[in-house]
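# Okay, sequence plus prediction incoming.
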Amino acid sequence: MLEEGVQTEKLIRETAKQIFFQKGCLKATTQEIANEAGVNRALIHYYFRSREQLLDMLLEEVICEKREKMHAILNTSLPFREKIAAYISFLVDRGITYPYLDNFIISEIARRPEKREILSGRNSIKSCDLIREELEEEIKRGRIAPITPEHFLMNLSSLCNYPLLAKSIFQTIHGMTDATYTRFLLDRKEVIFRTIFNVDLPETIKDTKTNILSK
């Protein structure tokens, strides 16, 4: 029975992620989540007590998961440019999987400013500190124009995330289908990397494009 309960809770949580982050139904009710998951709405209140508590759990989970993954990439022993290529690839691929994730985070933080502390994490190493020395070395070698780590990561995030935040607008303006837009986003890995370093994206990162499109 315990295992069954764990599976049911996981089903509700994953269903909520699909509804909020994949479909963009940010105002979905517990009844809509229950219908999609094929469970009784009472089970959502049993495991999460309320829609608000479910949102709290999802918000903290996705922010912490994303931060930990980004830190893991920036903390690897890869050469700086390969590390940044992997960072770009992660942001783009995650955005393709969950196109409305950042919309959810932004709207929830705006609605409940007290949740902003989740963004930085308690006692968490800052991303900019993980690349500071390597970035300074790139600048000293003349391989990149002088820039602070904060601006460097802000540029990366903006280049990767804005096309997702404005997805519906860009798709309408350029008449793109979902499949075409996915290819457009994957192509941006190369565009973003060349914008920053003026060299081609590493082949190891290019190879992930086929994997995404085949799903």
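Everything's here; your move. Numbers count the residues shown, from 1 in each chain.

# Domains in this structure, by residue range?
1-49, 59-213 (automatic domain parsing).

# how close does residue 86 get to residue 94?
12 Å (CB to CB, to the nearest Å). C-beta: built from backbone N, CA, C; applies to glycine.

# same thing with residue 148?
Taking CB to CB, one finds residue 148 at 25 Å from residue 94.

# More neighbours: which of the two?
Comparing residue 148 with residue 94 by other CB atoms under 10 Å, the one with more neighbours is residue 94, at 21 against 13.

# mind listing what that one touches?
If a contact means CB atoms under 8 Å, 6 or more residues apart in numbering, then residue 94 has 66, 101 as its contacts.

# Give the buried residues for whichever strand or helix holds it.
Here residue 94, judged by DSSP states H and E, is contained in helix 80-97. Buried positions in helix 80-97, judged by neighbour count with 16 or more other CB atoms under 10 Å: 80-81, 83-96.

# What is the nearest of those to residue 165?
residue 95 (9.2 Å; CB to CB).

# can I assume the closest one is in contact with residue 166?
No - between residue 95 and residue 166 there is no contact under CB atoms under 8 Å: 11.7 Å.

# pLDDT below threshold where in this structure?
1-2, 121-124, 206-215 (pLDDT under 70).

# ranges for the helices of it?
For the chain, helices defined by DSSP state H occupy the ranges 2-17, 30-37, 41-48, 51-74, 80-97, 101-111, 117-120, 127-140, 149-165, 167-174, 178-197, 203-206, 208-213.

# Of all these, which one is nearest residue 23?
Short answer: helix 30-37, nearest of the helices of the chain by CB to CB, at 9.1 Å.

# Centre of the chain to that closest one, how far?
24 Å (CA atoms, centre = their mean, to the nearest Å).

# buried ones in it?
30, 33-34, 36-37.

# Could I get the CA-only coordinates of it as CSV?
Provided in CSV are the C-alpha atoms of helix 30-37 (Å, rounded to 0.1, in the frame of the first residue of the first chain):
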residue,chain,number,x,y,z
THR,A,30,-7.1,20.4,-8.9
GLN,A,31,-10.1,18.9,-10.7
GLU,A,32,-8.4,19.3,-14.1
ILE,A,33,-5.2,17.8,-12.7
ALA,A,34,-7.2,14.9,-11.2
ASN,A,35,-9.0,14.3,-14.5
GLU,A,36,-5.8,14.3,-16.5
ALA,A,37,-4.2,11.9,-14.0
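
# now it and helix 2-17, what's the angle there?
Here helix 30-37 runs at an angle of 110 degrees relative to helix 2-17 (axes from the mean of the first three to the mean of the last three CA atoms, to 10 degrees).

# Pick the most deeply packed of the helices of the chain.
Of all those, helix 80-97 carries the top mean neighbour count, a mean of 20, counting by mean count of other CB atoms under 10 Å.

# quick one: residue 85 and residue 199 touch, right?
No - Residue 85 lies out of contact with residue 199 (CB under 8 Å); the separation is 10.1 Å.

# Mutual contacts of these two, please.
In contact with both residue 85 and residue 199: residue 193, using CB under 8 Å, 6+ apart.

# gap between residue 145 and residue 65?
32 Å.

# I meant to write residue 19 there.
From residue 19 to residue 65 the distance is 18 Å (CB to CB).

# and if you look at residue 150?
Residue 150 sits 22 Å away from residue 65, going by CB to CB.
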